[in-house]
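A.B. asks: just a sequence and a predicted model for now, questions to come.
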Amino acid sequence: MQSDEQRITLSVSNLAWLLAAVPLLLIGWQLRSLLIMLMISVVLAASIAPVVNWAERFRVPRWLGVVLTYLSILAVIVGIVLLVGPTVVEQIQLLVRQIPVSLRKVLESVEGWVIAFNDQRPELASELLNQVLDVQGLTSWAIRSSQRLLVRSYSVTTGIVGGVFSLILALFVSGYMLADSRTLVKNFVRLLPAPWDDRIEAQVAPISNRIGSYIRGRLLVSAILSIATTVSLSMLGLSEFALGLGAIAGVTNLIPFLGPFLGAIPALVVAISQGGWIILWVLLLYIVIQNLETYVLDPLLVASSVGVHPLYQLLAVLGGTQVLGIIGALIVPPWIAGGAVLLENLYLRPKLMAERHQPTETVNPLFTQP
């Protein structure tokens, strides 16, 4: 009888939690833009927290360390933009104008190969090329798909994140988080029942370190690959596009796994317009860059501090891109890395320790009674 009453009590409790979760989910959906902004703020705060902590050791007030850190980052960004910004914009504009020329050369090459393959009936080859490949249809499909992708990414980013204004707001919020982080954490954990208040408070620093290490590692990997791409393309004879393509590679490589492939597309477009062996050399260059990121830089600078299997990172990138566009590909993986800290320290380690201390009894199945 007692077990039946306990079962009914648990069922009512679970039902109560389920009913309470429904309005919470609805409220969370209505406040999704605010939640996304808070996610970005936490990532930004975790990324620069070591600098603020270092300044605090020299008795610099925490709020002043936050202000000086943000001003230093802003000065570096402005300096880079003023130094290479005009050249990058000019080369990217030239690259955009080069795309129709490259497509035309590709189509001429394919048509010439088909005609050479059937030199007795060139009109049949041209008709076959137009009917089977449908070059114009493929070109228009590619343009429409690219436009839909850009429009969707822009609408998702501006609709959920709120555009540049929310990004600036996220900077201010992350600054407040850093300046008074200890008070915020204490006020939050006070809402939790014991002993979870102490357990969660002890995990704040590891989670922050994991998220910050991921972002700093990705920025360093992107900077290295951007410089390597610029120098390599200059050596291959594409100096008029090298800086712009290097900047594109640096931005796209912020996205794990998919970044090198996205950065290779405009470089191959330029290589096709040049013709000859340059196409093969550029293709080989980006294959080397992809392998350098996957097998050297990521394991050294990112994976060692993230502690998440590459497959889960890839799924986080794909899921974040599907839901939030480019912004999701940048902010979802570090949150997955932070969540892995909670899973590891609050579940996996206690489970492993309990299994080690649990006495094991060996039972012979021949002498067991049914």
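C.D. replies: Yep, it's here.
A.B. asks: let me see the ranges of the strands in the protein.
C.D. replies: Using DSSP state E, no strands are assigned anywhere in the chain.
A.B. asks: which helix runs longest in it?
C.D. replies: Determined from DSSP state H, the single longest helix within the chain is helix 62-117.
A.B. asks: distance of the nearest residue to Leu44 once chain neighbours are set aside relative to Tyr70?
C.D. replies: Nearest residue to Leu44, sequence neighbours excluded (C-beta to C-beta, 6 or more residues apart in numbering): Ser174, at 4.0 Å. In short, each C-beta sits where N, CA and C put it, glycine included. As judged by C-beta to C-beta, to the nearest Å, Ser174 and Tyr70 stand 9 Å apart.
A.B. asks: could you list the low-pLDDT ranges of the stretch 251-370 of the chain?
C.D. replies: For the stretch 251-370 of the chain, residues meeting the criterion pLDDT under 70 lie at 303-308, 359-370.
A.B. asks: try the stretch 1-150 of the chain
C.D. replies: The model of the stretch 1-150 of the chain has pLDDT under 70 over residues 1-14, 17, 28, 103, 106-150.
A.B. asks: which residues touch the residue nearest to Ser222 when sequence neighbours are not counted?
C.D. replies: Leaving aside its sequence neighbours, Ser222 sits nearest to Asn253 (C-beta to C-beta, 6+ apart; 4.2 Å). Applying C-beta atoms under 8 Å, 6 or more residues apart in numbering, one finds that Asn253 lies in contact with Arg218, Val221, Ser222, Leu225, Ser226, Gly259, Pro260, Gly263, Glu293.
A.B. asks: PyMOL command to pick out the buried ones of those residues?
C.D. replies: To isolate in PyMOL the members of the contacts of Asn253 that are buried, counting by 16 or more other C-beta atoms under 10 Å, one can use:
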select buried, resi 218+221+222+225+226+259+260+263+293
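A.B. asks: which two in the contacts of Asn253 are spaced the farthest apart?
C.D. replies: Pairwise distances across the contacts of Asn253 (C-beta to C-beta) peak at 14.1 Å, for the pair Arg218 and Gly263.
A.B. asks: re the thing from before, ok, now how distant is the residue nearest to Leu44 from Ser234?
C.D. replies: As for Ser174, its distance to Ser234 is 37 Å (criterion: C-beta to C-beta).
A.B. asks: these two: who's more crowded?
C.D. replies: Neighbours per residue (other C-beta atoms under 10 Å) separate Ser174 from Ser234, with Ser174 holding more: 24 against 16.
A.B. asks: Ser41 is in contact with the more buried one, correct?
C.D. replies: Yes. Taking C-beta atoms under 8 Å as the definition, Ser174 is a contact partner of Ser41 at 4.2 Å.
A.B. asks: on that earlier part again, would you reformat the contacts of Asn253 as a markdown table and include distance to Ala337?
C.D. replies: Listed next are the contacts of Asn253 as a markdown table, based on distance: C-beta to C-beta, whole Å:
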| residue | distance to Ala337 |
| --- | --- |
| Arg218 | 11 |
| Val221 | 15 |
| Ser222 | 17 |
| Leu225 | 20 |
| Ser226 | 23 |
| Gly259 | 17 |
| Pro260 | 21 |
| Gly263 | 23 |
| Glu293 | 17 |
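A.B. asks: kindly indicate which of the contacts of Asn253 lies nearest Glu344.
C.D. replies: Nearest member of those to Glu344, counting by C-beta to C-beta, is Arg218, at 21.0 Å.
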